[in-house]
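Chemist: What follows is a predicted structure for the sequence shown.
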Amino acid sequence: MKDAIGNVQRVVVLGGTSDIALATVTKLAAERRGVHVTLAARPGERRVAATTALEALGLQVSEVDFDATDRASYERAISAIFEAGGDVDVVMVAFGLLGDQLQAWRDVDAALELVQVNYAAAVACGVLVAEKLRAQGHGAIIAMSSVAGERPRRTNFVYGSTKAGMDAFYTGLGDALSTDGVHVLVVRPGFVRTKMTRGLAAAPLSQTPEQVADAIVAGLRAGRRTVWAPPAMRWVMFVLRHLPHAVFTRLPV
Amino acid sequence: MDARRELRGWGRTNPSVAMVHAASDDADLVRLVTAAGARGVLARGLGRSYGDAAQNGGGVVVDMTSRHRILSVDTVTALVEVEAGASLDQLMRQLLPLGLFVPVSPGTRQVTVGGAVAADIHGKNHHVDGSFGRHVVSMDLLCADGTIRTLTPESELFWATVGGMGLTGLVLRVTLRMKKVESAYCLVDTERCANLDDLLQRMAEGDHRYTYSVAWVDCLARGATLGRSVLTRGWPATLEQLPRTLGDHALDFRPRQLAVAPAVFPSGLLNRATVAAFNEAWYRKAPRERRGEIQSIAAFFHPLDAVAQWNRIYGPRGFLQYQFVVPFGAEDTLRRCIQMLSDTGQASFLAVLKRFGPSSAGHLSFPTPGWTLALDIPLGAPVLGGLLDRLDEEVMTAGGREYLAKDSRLPASSIARMYPRLDEWRGIRASADPRGVFTSDLSRRLGL
């Protein structure tokens, strides 16, 4: 159970090696010893590194195998997590794939892989997690969306389209769960310097994972439905969304 | 009849959704308990616990308030048998005219008898009369196996239930020894205390002469006035002590509700400046010393009950109440805690300080001999979590503890340190309820 201050006891990360997720878990667990976190991710070096880093901070870490490209793994992982005992306070849906943007709209397999990971798997996990949280009568879902879903840009519209889809799903899921005691927070970061964006030129208003984590934790405790990171991104995207097409396509974004 | 509903404590923080079942007869509750699912069953009264004690997310919560009959009254022995959903307000309205007053009254009348047992509540007379459980002669408990057991103070399960936060079963009926009184009034002495030392000295020296004693402390006062307070103490008023005009209506009890707090209250209206101004005005308004004032029971015991839903004034983020007790001799800890609250400016309106007498035999009963301080704190300040964690540490180091009926934030690791008889209680609970039917958000959070 989370407490009145917002301290949590058990957190689950689907896509448990995400930089933003690890920064968020670290902040959520900062005020209490022995917070339990389950990292659901593919086995491998990255998961080992994430576990080691969190254990070094005093968290109790468990690992569950989870692969967003393998449908059978969602149900297995989520059942195992909730059967392990102890209520889950927060589930973070943090897996995602940026992909190769040129390939993504020219190659069916590349396009479908983005759709599978960023949209289909996110929706499936949302359905499965929602059922478990409904049954315990409380809990929160943090869904990692992106500003890229707000208005498709030439340079990453396939990625943007998948995020637009998952964003719509989780926004709606939040409304659907509002009488079940389950809080859904949709997070829309701009450019974040993470391993996902390594090698790309940073866009304006770029953020560190820690900055995004601060915004997420504040939004979670305040019970918000949407968080933009940085907050100014909300108004930037508001303007971009309403620009005439002819102007928008000439922008260097 | 059953409906999924979001439930909160009085502090309006960390809610959860449960299936709420309005209690009807015993057979209905037996069926409910024996058919309990994995998320269990919990009784709920009037929801005055501040945190998550009366919530059971995903499970069944039995609303006991529909069972509120007074089953028998004996004015000679002062014994009454009531259903657990009866409120203390109702007992006062119906039994004061017969000269019977509740043996223990907390700061609100809006609690049920079942809740009073489960939290083993205390009042201003703890230093002489002890907590609620001491005045319970017997009770009927619906246990996890579907049997109804009549428990008396000779049984272990009785004392595991007194202060057991509803986790041993559903309290159905309680036989209570009431206090005989001649009037619905109190004779009250009021004194202003310049600082904490002044207050502690007056209480330590004089409390034994009074039936009721409580001090209201301004936790925002600083420096030489740290802990300035108003001490009110009194006795039940006898007929002789009442003015003639009241003589014919001495046992009338018709408290009025003056107002209802609006449903939407802007957050941030309570800030350091407004609260400090309120506390200042309240301190100035109190007489330096006044003896023998006649006050009604409602005015003396339950000033906040005059405003219904007063918890709304803390806005949508809600608030918590922090209540601890430290043993006599740990006055330095008490002073440091008040100093920390004053320094951070987190305290809200007046805090309540009182002296506890001997403990009850309840394994998880809160009161132990010493000083207890209770104060409301609005949520929202980022420093709050850390401040309360440091206060916990002070309290535990001094051998003190915190009150589960108020708690909404303790870490599980602190409970065993605060309640040394926890394991003994767990053993009794495990044999009475091996499947863990009776559970709550509080018990999950604290791993009780």
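Modeler: Thanks, I have the structure now.

Chemist: Pull out the buried positions in the top helix by length along chain A.
Modeler: Among all segments of chain A classified by DSSP state H, the helix with the greatest residue count is helix A:157-176. Neighbour-count burial for helix A:157-176 flags A:157-167, A:169-171, A:173-174 (criterion: 16 or more other Cβ atoms under 10 Å in any protein chain shown). Where you see a C-beta, it was placed from the backbone N, CA and C, and this is true even at glycine.

Chemist: ok, of those, which one's closest to chain B?
Modeler: residue A:174 (14.6 Å; Cβ to the nearest Cβ).

Chemist: Let me know the secondary structure of the closest residue to the closest one other than its chain neighbours.
Modeler: What sits nearest to residue A:174 in space, not counting adjacent residues and going by Cβ to Cβ, 6 or more residues apart in numbering or on different chains, is residue A:184, at 3.2 Å. Classification of residue A:184 using DSSP: H, G, I helix; E, B strand; the rest coil returns strand.

Chemist: Bridged to residue A:184, which residues?
Modeler: On the basis of DSSP bridges, residue A:184 takes part in beta bridges with residue A:141.

Chemist: got it, and the one 4 residues further on?
Modeler: For residue A:188, the beta-bridge partners are residue A:228 (DSSP bridges).

Chemist: Could you report the neighbour count for it?
Modeler: Residue A:188 has 23 neighbours, counted by other Cβ atoms under 10 Å in any protein chain shown.

Chemist: circling back: can you pull the contacts of the residue nearest to residue A:174?
Modeler: A:140-141, A:143, A:170-171, A:173-174, A:177, A:225 (Cβ atoms under 8 Å, 6 or more residues apart in numbering or on different chains).

Chemist: For those residues, work out which two are farthest apart.
Modeler: Within the contacts of residue A:184, two members stand farthest from each other by Cβ to Cβ: A:140 and A:171, at 14.5 Å.

Chemist: Just the residues contacting the longest helix of chain A, thanks.
Modeler: A:93, A:96-99, A:101, A:104-105, A:111, A:114-115, A:117-119, A:122-123, A:126, A:130, A:141, A:143, A:145-146, A:148-153, A:183-186, A:188, A:225-226.

Chemist: can you map out the helices along the chain?
Modeler: All of this refers to chain A. Taking DSSP H as the test, the helices found in chain A are A:19-28, A:45-56, A:71-83, A:101-104, A:108-114, A:122-136, A:157-176, A:209-222, A:233-242, A:245-248.

Chemist: actually it's chain B I care about, not the one you picked
Modeler: B:26-34, B:88-95, B:113-118, B:126-129, B:156-161, B:196-206, B:244-247, B:272-285, B:297-301, B:331-344, B:384-397, B:412-418, B:422-432, B:441-446.

Chemist: Identify the spatial nearest neighbour of the residue in the stretch 151-253 of chain A that chain B sits nearest to, chain neighbours not counted.
Modeler: Proximity of the stretch 151-253 of chain A to chain B (Cβ to the nearest Cβ) peaks at residue A:181, 3.5 Å away. Spatially, and ignoring its direct neighbours in sequence, residue A:181 is nearest to residue B:17 (3.5 Å; Cβ to Cβ, 6+ apart).

Chemist: One more: residue A:67?
Modeler: Residue A:67's closest residue in space is residue A:73 (Cβ to Cβ, 6+ apart), at 4.8 Å.

Chemist: Count the neighbours of the one you found for me.
Modeler: Neighbours of residue A:73 under the rule other Cβ under 10 Å: 17.

Chemist: what separates it from residue A:65, distance-wise?
Modeler: Going from residue A:73 to residue A:65 by Cβ to Cβ, to the nearest Å gives 6 Å.

Chemist: what's across from residue B:6 in the sheet?
Modeler: So, taking DSSP bridges as the rule, residue B:6 has residue B:17 as bridge partners.

Chemist: what's the burial count for it?
Modeler: Neighbour count for residue B:6, taken as other Cβ under 10 Å: 17.
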